[in-house]
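*Asks:* pasted the sequence and its predicted model underneath.
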Amino acid sequence: MGAKETLWDPIAGFGVTFRTMFKKPVTEQYPFEKPQTAPRFHGRHQLNRWPDGLEKCVGCELCAWACPADAIYVEGADNSDELDADGNSQRFSPGERYGAVYQINYLRCILCGLCIEACPTRALTMTNEYELADDNRADLIYEKSDLLAPLAPGMEAPPHAPRYGDEKNYFRGEFVEEPARLTDLLKEGQS
Ligand code: SF4
Ligand code: SF4
């Protein structure tokens, strides 16, 4: 190495240091300040509801079949318009079937979004939530209760009778309240 390089290299190196000292720091203060994601960021999944609170999932398992990581487990079951022994509805979704068991294993999930593309009812979408770390394996298997969207004002937790008639009204987006709800009619018939 020549004398010129021996003198110049430390000056050039400190030049970078001095330039950086006057730039705005880019350090993120995570976890004290959570950074905003892009609006279409693929985070934790959500199982959505219709406006009356009934579940959109019909238990078809298409999401599970589409998943390349085998991270989803679904068990479908039949809805029923019969009331149970206590006079309560047994209907969780407007159609024939609903997702009785729904699990996503976040030890396997790669957040690719193929499951939400496969879902025919837009029951399954992804949120911007990225806090998916935990200290044990069991808590990273999310159950249906962990994934269901919270009840918005005006919604009622299933099971209950549909407010908007048959499933075609739901899929067409015709959310006009039925004049008398099925459960009310059935309960009146029993009294
Ligand atoms: S995001 Fe991808 S890996 Fe995760 S459950 Fe859906 S299909 Fe499977
Ligand atoms: S989330 Fe969608 S694709 Fe998966 S079982 Fe439910 S309706 Fe079918």
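*Replies:* Good, I have the coordinates. Ligands and ions are numbered 1, 2, ... in the order given.
*Asks:* does the residue lying closest to D70 once chain neighbours are set aside sit in a helix, a strand or a coil?
*Replies:* Take D70 and drop its neighbours on the chain: the residue closest to it by C-beta to C-beta, 6 or more residues apart in numbering is R108, 6.5 Å away. (Each C-beta comes from the backbone N, C-alpha and C, glycine too.) Recorded secondary structure, R108: coil (DSSP: H, G, I helix; E, B strand; the rest coil).
*Asks:* thought R108 was touching Y73?
*Replies:* No. Counting by C-beta atoms under 8 Å, R108 does not reach Y73; the two are 10.5 Å apart.
*Asks:* Y106: how many residues sit nearby?
*Replies:* When neighbours are counted by other C-beta atoms under 10 Å, Y106 registers 18.
*Asks:* give the contact list for it.
*Replies:* Taking C-beta atoms under 8 Å, 6 or more residues apart in numbering as the contact definition, Y106 lies against 44, 71, 132, 140-142.
*Asks:* my guess is N136 is in a helix, correct?
*Replies:* No. Counting by three-state DSSP, N136 is not part of a helix but coil.
*Asks:* may I have the predicted confidence score for it?
*Replies:* Per-residue confidence for N136 comes out at a pLDDT of 96.
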